[in-house]
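Participant: using only what follows, build the 3D model:
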Amino acid sequence: MSSESSIVSKVWNFANVLRDDGVSYGDYLEQLTYLLFLKMVDEFSKPPYNRKIGVPEGYDWESLVNKRGAELDSHYSKMLRELANAKGILGQIFVKSQNKIQDPAKLYKVIDMVDKEKWSMMGADLKGKIYEGLLEKNAEDTKSGAGQYFTPRALIKAMVACVQPEPMKTISDPACGTGGFFLASYDYIIDNYDLNRDQKEFLKNRTFFGNEIVANTRRLCLMNMFLHNIGEIDGETFVSSADALVADEGKRYDYVLANPPFGKKSSMTFTNEEGEQEREDLVYNRQDFWASTSNKQLNFLQHIRTLLKENGVAAVVLPDNVLFEGGAGETVRKQLMQSTELHTILRLPTGIFYRPGVKANVLFFDNRPGARDPWTKDVWIYDYRTNVHHTLKKKPLQFEDMQEFISCYNPSNRNNRKETWSEENQEGRWRKFTYDDIITRDKTNLDIFWLKDESLADLDNLPDPDILANEIIENLEAGLESFREVMETLNGKD
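Facilitator: I've put the predicted structure just below:
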């Protein structure tokens, strides 16, 4: 068995070799997913496991390793098509699969690398580390657009540390991307509880449920889970390909942790009678929604509230427009404060997401049974945006950066919080606003900030030029995104 560092470097070296050959990180990651999965299926079919996993005859790992050249290329492509028809997780991994490595010699080298290791014997930590590293690299590749499916792991870890998920409870993510919230919750439960056999089985097979409509991203999520020891190789998939917003399927969960996809509108493209492509905004008319809107973020927020059990807990990343937009936005905010306890908002800095131009927040709320009076009494806001500067390369967000917020949040006793804001010194990032403070604001606006922007007040105190440049790009991107939405709305009205 190779040492940990040599396996990691082998996997990475191939990524770089293939990149020179025009194969992106995303395409390499996809092919590696197929090959790793097949190899592990092969290992599990032999002693000591002896499991029958249902790979179609003639399309197993052995059939692949003995071929070269054009024969390998043609067999591999046919194999991917055949495996897409298999049942359970196997079929889900291979759905819509294609061979993206055009040079059979390079393909064989990747197969040979995978073949030389005993993956089933390898610790979940190592397999997970290799795969998560590749996912992050893929997210950094801005051309691929994969960044929108990858939430910074430091932020996810902080959200999980605040929510503190417990064993034997269910966790949902209706836009689960590559599975970051599932993995962080899994790690938290493993690290903080001494689990008995039933609890371990529940955590592996009955805790996590999600949706991911993009086939490639869903595949990466399933593989990521599996490499981290979640789910069975021949079990049913727990990540649905259905659009979560279409209907309430009736299932309820203890926790919902999510970062729904960026982009304000839900829309579909169709061809009109003249043969021209048109976009139509999708409005989900659901009985359980407070407001009908084509704003995807507001729809996800309403859907997440529906997904929660009566006292279920949610932590959701949402863009600024959810906090201040009028019309449906105002209705949703009022109803959210009425029917749930919206107790915490974390204002996030720019420069932490792989998709630029995103200004976002984390909303923490607990669902509650129906009542006459609003459940929300106080909303605590932590401003980690004003005078905070991060960039993806030089100064990425670290878990340590979130420590002050986590201690202010006070997960062990939320009723015992103390403001750090001082009226006298005009300092402090942690501040409480009562229900009455908020409900009297124009449009029930929750986009509240109070700290002075130091870069505006003190020209000697400007951040580094590269951070400034990044922030200018972020603001321009955000502006462009708004213009695009306005244009699409106007074009839709023609």
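
Participant: separation between Pro261 and Asp378?
Facilitator: Between Pro261 and Asp378 the computed distance is 31 Å (CB to CB, to the nearest Å). Bear in mind the C-beta positions are built from the backbone N, C-alpha and C, glycine included.

Participant: so what's the residue count around Glu404?
Facilitator: By the other CB atoms under 10 Å criterion, the neighbourhood of Glu404 contains 14 residues.

Participant: quick check: next helix or strand after the host helix or strand of it?
Facilitator: With elements taken from DSSP states H and E, the one containing Glu404 is helix 403-409. Of the helices and strands lying after helix 403-409 in sequence (DSSP H and E), the nearest is strand 430-434.

Participant: now Phe405. Nearest residue, chain neighbours left out?
Facilitator: Leaving out its chain neighbours, the residue that sits closest to Phe405 by CB to CB, 6 or more residues apart in numbering is Tyr382, at 4.9 Å.

Participant: where do the helices sit along the stretch 351-494 of the chain?
Facilitator: Taking DSSP state H, counting those that start in this stretch as the criterion, the stretch 351-494 of the chain carries its helices at 403-409, 435-439, 454-457, 465-492.

Participant: ok, now the stretch 151-300 of the chain?
Facilitator: According to DSSP H, counting those that start in this stretch, the stretch 151-300 of the chain carries its helices in the segments 153-163, 180-192, 197-205, 215-227, 296-307.

Participant: tell me how the protein divides into domains.
Facilitator: Domains of the chain are assigned by automatic domain parsing as 4-135, 243-483.

Participant: looking at the ones you listed, which is nearest to Phe208?
Facilitator: When the domains of the chain are compared by CB to CB, domain 243-483 sits nearest Phe208, at 9.7 Å.

Participant: and that closest one, how far out from the chain's middle?
Facilitator: Here domain 243-483 shows a centroid-to-chain-centroid distance of 15 Å under the convention CA atoms, centre = their mean, to the nearest Å.

Participant: same question, stretch 99-109
Facilitator: Put simply, stretch 99-109 sits 30 Å off its chain's centre (CA atoms, centre = their mean).

Participant: Arg68 against Tyr108, yeah?
Facilitator: Yes - Arg68 lies in contact with Tyr108 (CB atoms under 8 Å); the separation is 6.0 Å.

Participant: the longest strand anywhere in the chain - what's its average pLDDT?
Facilitator: Across the chain, the longest stretch assigned as strand under DSSP state E is strand 308-319. Averaging the model's pLDDT scores along strand 308-319 yields 97.

Participant: packing partners for that strand?
Facilitator: For strand 308-319, the packing partners by 3 or more CB pairs under 8 Å, 6 or more residues apart in numbering; DSSP states H and E come out as helix 153-163, strand 253-258, helix 296-307, strand 360-367.

Participant: in JSON lines: those, plus distance to Trp290 and mean neighbour count.
Facilitator: Shown next, in JSON lines, are these (distance: least, CB to CB, whole Å; neighbours: other CB atoms under 10 Å):
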{"stretch": "helix 153-163", "distance to Trp290": "24", "mean neighbour count": "21"}
{"stretch": "strand 253-258", "distance to Trp290": "17", "mean neighbour count": "24"}
{"stretch": "helix 296-307", "distance to Trp290": "6", "mean neighbour count": "24"}
{"stretch": "strand 360-367", "distance to Trp290": "14", "mean neighbour count": "22"}
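
Participant: want to throw those into a markdown table with distance to Ser120?
Facilitator: As requested, these are exported to a markdown table (distance: least, CB to CB, whole Å):
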| stretch | distance to Ser120 |
| --- | --- |
| helix 153-163 | 26 |
| strand 253-258 | 29 |
| helix 296-307 | 34 |
| strand 360-367 | 37 |
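
Participant: returning to what we had before: name the helices or strands packed onto the helix or strand just after the longest strand of the chain?
Facilitator: In the C-terminal direction, the helix or strand that comes right after strand 308-319 (DSSP H and E) is helix 321-324. Under the contact criterion of 3+ CB pairs under 8 Å, 6+ apart, the helices and strands touching helix 321-324 comprise helix 296-307, helix 328-339, strand 360-367.

Participant: any weak-confidence spans in the stretch 251-400 of the chain?
Facilitator: Regions of the stretch 251-400 of the chain meeting the criterion pLDDT under 70 cover residues 263-281, 356.

Participant: what is the burial count for the closest residue to Thr237 other than its chain neighbours?
Facilitator: Nearest residue to Thr237 in three dimensions, chain neighbours excluded: Gln92, at 4.6 Å (CB to CB, 6+ apart). Per other CB under 10 Å, the neighbour tally for Gln92 reads 22.
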